[in-house]
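> give me a model of this one.
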Amino acid sequence: MAQHVPGFAGPMEITALSGGQSNPTFRLSTPGADYVLRRKPMGVLLASAHQVDREFRVISALAGSDVPVPRVFGLCADDSVIGSMFYVMAFVPGRVFFDPRLPDVAAADRGAIFDSMNRTIAALHRIDPGSVGLGDYGRPANYLQRQMARWSKQYRASEIVPIEAMDRLIEFLPERLPQDGPAGIVHGDLRLDNMLIHPTEPRVVAVLDWELSTLGDPLVDFAYNAMTWRLDPDLFRGLAGVDTGALGLPDEGAYTADYFARIGREVPENLEIYVVFNLFRLAAIVQGIAKRAAEGTAANAEAEALGRKARPIAERGWKLAQKIK
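Residues are numbered from 1 along each chain as shown. All right, here's what the predicted structure looks like:
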């Protein structure tokens, strides 16, 4: 810290930050400033998982862009320092909201928060990867098909009891997925709770958790974010069935129109297929949590309850798929 972080001076207190991240995250508190350390887990890991060096690279590349990210100070690839690779970034004060209904926020600020999130996503997707040194950050070709193959394999590996809706989606989607559009930077997990909101103002001050980021079709990224309107609050942090107007929140149509206006494109007729894919992907992720809960290896005490939601999420996806011509 003394060598790589300008102005650093101890003593330093280290506190683990919760939030379910797969990469352990810590707050480093000093008398003059606070920082965040994000590290690889200890032990043997999958080769493509927990790549904190990729997180460090994309956050560094986006510094100074219209996408708010924390300032990063350095990456340490020497495992002998604390036992695994890590990087240090500035601590950004802010609020995290898991419930998109924003019950603890003034009605006048709810719509502004969603508008700021929309503007932030559009700003990310407008960036030419090559212009920020990320032209080789991923393999954009056949992104959607490769994602489909990956999550089908993940689901099959974690299947406990057959879910008919998942079988149907695995058969239905590959033949109907559209060709990738122009490649952009894809975050991979663009939920409201992966964005820090200013402590008092209704605006995004930092986008966090870039571990799934790559190059690919940005419409997959946006549809994942817009999937919020297709899920009930009790199913998975959704807005389906909610009187959004009464809460001061946008409806899905207005939110979608704003995004496409900001990236300078017409709303595509096949946007629904991207939503179906994301419902499938979410169900596959949740099924993986169910598998780990059944094996007793899940890190979260609520994993078993969350795992039971794989079936209704998949059924929501299949119901929507049947409406697609």
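
> measure the closest residue to Val132 other than its chain neighbours to Pro31 for me?
Distances taken as Cβ to Cβ, 6 or more residues apart in numbering put Ala61 closest to Val132, at 4.4 Å, once the chain neighbours are dropped. For glycine as for every other residue, the C-beta is placed from the backbone atoms N, C-alpha and C. In this view, Ala61 and Pro31 are 32 Å apart by Cβ to Cβ, to the nearest Å.

> gap between the residue nearest to Val132 and Pro182?
For Ala61, the distance to Pro182 (Cβ to Cβ) stands at 18 Å.

> same deal with Asp66?
In this view, Asp66 and Pro182 are 18 Å apart by Cβ to Cβ.

> looking at Ala61 and Pro182, which is more packed in?
Neighbour totals were compared for Ala61 and Pro182, and Ala61 leads with 19 against 11 (other Cβ atoms under 10 Å).

> that one: which element?
Element membership of Ala61, judged by DSSP states H and E, is helix 52-62.

> what's next to that helix, contact-wise?
Under the criterion Cβ atoms under 8 Å, 6 or more residues apart in numbering, residues 23, 38-40, 69-70, 72, 75, 77, 85-87, 89, 124, 127, 132-134, 137, 185, 210-211, 213 lie in contact with helix 52-62.

> next structured bit after that helix?
Downstream of helix 52-62, the first helix or strand assigned by DSSP H and E is strand 72-76.

> run through who's touching that following strand.
With contact meaning Cβ under 8 Å, 6+ apart, strand 72-76 is reached by 4-6, 35, 52-53, 56, 59-60, 63, 82, 85-90.

> ok, stretch 240-250 next?
Stretch 240-250 is contacted by residues 100-102, 107-111, 114-115, 229-233, 239, 251, 258 when judged by Cβ under 8 Å, 6+ apart.

> try it again at 6 Å.
Stretch 240-250 is contacted by residues 107, 110-111, 114, 230-232, 251 when judged by Cβ atoms under 6 Å, 6 or more residues apart in numbering.

> can you tell me which of those residues are in helices?
Among the contacts of stretch 240-250, the members found in helices (DSSP state H) are 107, 110-111, 114.

> lowest-confidence one in the residues you listed?
Ranked by pLDDT, these bottom out at Ala107 (90).

> how close does it sit to Phe172?
The separation that Ala107 has from Phe172, given Cβ to Cβ, amounts to 40 Å.

> likewise for Asn23?
34 Å.

> got the buried residues for stretch 242-256?
When burial is assessed from 16 or more other Cβ atoms under 10 Å, stretch 242-256 yields the following buried residues: 242, 244, 247-250, 252, 255-256.

> so which of those are in helices?
For these, membership in helices holds for 244, 247, 252, 255-256, with DSSP H as the criterion.

> sorry, back to before: restricted to buried residues, select the contacts of stretch 240-250 in ChimeraX.
Listed next is the ChimeraX selection for buried residues among the contacts of stretch 240-250, using 16+ other Cβ under 10 Å:
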select :110,111,114,230,231
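
> run the chain-centre distance for stretch 318-325.
The chain centre lies 25 Å from the centre of stretch 318-325; the measure is Cα atoms, centre = their mean, to the nearest Å.

> buried set for it?
With burial defined by 16+ other Cβ under 10 Å, the residues of stretch 318-325 counted as buried are 318, 320-321.

> swap in stretch 4-17?
5, 8.

> again, but for stretch 200-210
By neighbour count, with 16+ other Cβ under 10 Å as the criterion, the buried positions of stretch 200-210 are 202-210.

> and for stretch 127-143?
So stretch 127-143, judged by 16+ other Cβ under 10 Å, has buried residues 127, 129, 132, 134, 137-138, 140, 143.

> which one of these is nearest Pro312?
When the buried residues of stretch 127-143 are compared for distance to Pro312, the smallest value, 27.5 Å, is given by Tyr143; criterion: Cβ to Cβ.

> what's the closest non-adjacent residue to that closest one?
Distance criterion Cβ to Cβ, 6+ apart; nearest residue to Tyr143, sequence neighbours excluded, is Gly216 at 3.5 Å.

> please report the distance of the one you found from Gln147.
8 Å.

> more neighbours: which of the two?
Neighbour comparison, Gly216 and Gln147: the larger count goes to Gly216, with 25 against 21 (by other Cβ under 10 Å).
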